[in-house]
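Participant: What follows is a predicted protein model with its sequence.
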Amino acid sequence: MYPLNIPLQEKQFQVWLDCLMEPELQSLRHPLLTEMQVELCVLRTDNVHPVISGNKAYKLKYNLKAALERGASGVLSFGGAWSNHLHALAYSCHLLQLPCVAVIRGEQELAAKSAMLQDLKVWGTQLYFISRKEYRQRNNPDWLEQLTREYPGYFVVPEGGSSALATPGIAELSRQLECKCDQKNWQADQVWCAVGTGGTLAGLITGRTKNYQIIGVPVLKGGEFLTCDINERLLAGSDSGIEKKNWKLLFDGHFGGYGKAPPDLIRQITQLSEGLETFNPGLSLTLDPVYTGKLFCRFWQSLQAGEFRKGCRILLIHSGGLQGRRGYGLSAAVA
């Protein structure tokens, strides 16, 4: 067991915090935006860290803090062979000198095929492969108890990092977002983000202090259940007195389902990135096919359809995850 005392815990956590930068709020120009009289900004959480990228940094913050404060023997979590969550978690544990176990959905052969899993091995993470059938038990208390007996004292973080401890971290992102808007003297009417488990959206709703609508774009097919899941997360959180009803999900932006990246999506992502870079010199906007690519494409569909009132101000959250591009034969495009 890695010995932890209070001063060391604080020092370790501060080292991790010091690695992170504040996201930049970028204003974007494009002829279609001008034609539709819509103002667009992007919050670049993908640039908070080269590896601990995007919303994962905010989700992990209080999970890691709790693991250190409890003197955990290590951290254990779950994901697929290209999980952005596991990638950020493994590197974080490497920085914190905290043992990490990644429970991977799939067979041992994936280790040689996934550049992400190779990264985890370099950082000292133990890969624990289980079948897809067994992986479905990851939220079963009895199955989890059996697993944790193999790793006594380990702090368990759920798939995607979306535990109750993720919400206050994302709520901080929400307030950071509002502060960036205040600095620009710019108030969003809508804030859009991609939705996987719903943890990020719930945190954004919890942290909101201003009157703007939050739009979530689920990246998985059949994501209607997320409405109930997000409401449960909101009810489980502390009552801040802030209006929590002004949000909605758009279920038609999944492009076939989670992890599905048809050629048309790749084409749209490429054209959209290149088009925005053309009209915004110096902009480097890389999108991934799993999350941000679907978010941006779904927004652009609404823009082309004229669904926004004139003068509307939209903020898109770039939630990182660019290392996952490698799973689709694309460059990671991370610093």
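Facilitator: Received, thanks.

Participant: Could you measure from residue 121 over to residue 159?
Facilitator: Between residue 121 and residue 159 the distance is 20 Å, computed by Cβ to Cβ, to the nearest Å. The way it works is simple: take the backbone N, C-alpha and C, and place the C-beta from them, glycine included.

Participant: which residues touch the residue lying closest to residue 89 once chain neighbours are set aside?
Facilitator: Distances taken as Cβ to Cβ, 6 or more residues apart in numbering put residue 77 closest to residue 89, at 5.6 Å, once the chain neighbours are dropped. If you count contacts by Cβ atoms under 8 Å, 6 or more residues apart in numbering, residue 77 has them with 85, 86, 89, 100, 101, 102, 103, 156, 157, 158, 159, 161.

Participant: Residue 121 and residue 159 - which one has more neighbours?
Facilitator: Neighbours were counted for residue 121 and for residue 159 using other Cβ atoms under 10 Å; residue 159 has more, 21 against 13.

Participant: quick one: that one and residue 103, what's the gap?
Facilitator: To residue 103, residue 159 is 9 Å away according to Cβ to Cβ.

Participant: what residues do these two have in common as contacts?
Facilitator: Between them, residue 159 and residue 103 share these contacting residues under Cβ under 8 Å, 6+ apart: 77, 78, 79, 138.

Participant: Tell me how many other residues crowd the last one.
Facilitator: This means residue 138. By the measure other Cβ under 10 Å, the count of residues near residue 138 is 18.

Participant: so what's it up against?
Facilitator: Contacts of residue 138 (Cβ under 8 Å, 6+ apart): 78, 103, 144, 158, 159.

Participant: Where does pLDDT dip in the stretch 151-300 of the chain?
Facilitator: Applying pLDDT under 70 to the stretch 151-300 of the chain flags the ranges 237-244.

Participant: Could I get the full set of strands for it?
Facilitator: Secondary structure of the stretch 151-300 of the chain by DSSP state E, counting those that start in this stretch: the strands cover 154-156, 190-195, 213-218, 247-249.

Participant: most packed of those?
Facilitator: By mean neighbour count, with neighbours taken as mean count of other Cβ atoms under 10 Å, strand 190-195 ranks first of the strands of the stretch 151-300 of the chain at a mean of 25.

Participant: Direction-wise, compare it with strand 213-218 and give the angle.
Facilitator: With axes from the mean of the first three to the mean of the last three Cα atoms, to 10 degrees defining the directions, strand 190-195 sits at 20 degrees from strand 213-218.

Participant: what lines up beside strand 190-195 in the sheet?
Facilitator: strand 213-218 (parallel), strand 313-318 (parallel) (DSSP bridges).

Participant: Run a quick neighbour tally on the closest residue to residue 143 other than its chain neighbours.
Facilitator: Closest residue to residue 143 apart from its sequence neighbours, by Cβ to Cβ, 6+ apart: residue 137 at 3.9 Å. For residue 137, the neighbour count with other Cβ under 10 Å is 14.

Participant: Hmm, residue 146 and residue 137 touching each other?
Facilitator: No. Under the criterion of Cβ atoms under 8 Å, residue 137 is not in contact with residue 146, lying 9.3 Å apart.

Participant: where do the contact lists of those two overlap?
Facilitator: By Cβ under 8 Å, 6+ apart, no residue touches both residue 137 and residue 146.

Participant: Find the centremost residue of this protein, please.
Facilitator: residue 55 (3.7 Å; Cα atoms, centre = their mean).

Participant: got a list of what that one touches?
Facilitator: Neighbour list for residue 55: 45, 170, 173, 193, 200, 317, 319, 320 [criterion: Cβ under 8 Å, 6+ apart].

Participant: And residue 266, by the same measure?
Facilitator: 289, 328, 330.

Participant: Go ahead and confirm the second one touches residue 289.
Facilitator: Yes. Counting by Cβ under 8 Å, residue 328 touches residue 289, with 5.4 Å between them.

Participant: more neighbours, those two?
Facilitator: Between residue 328 and residue 289, residue 289 has the larger neighbour count (other Cβ under 10 Å), namely 24 against 15.
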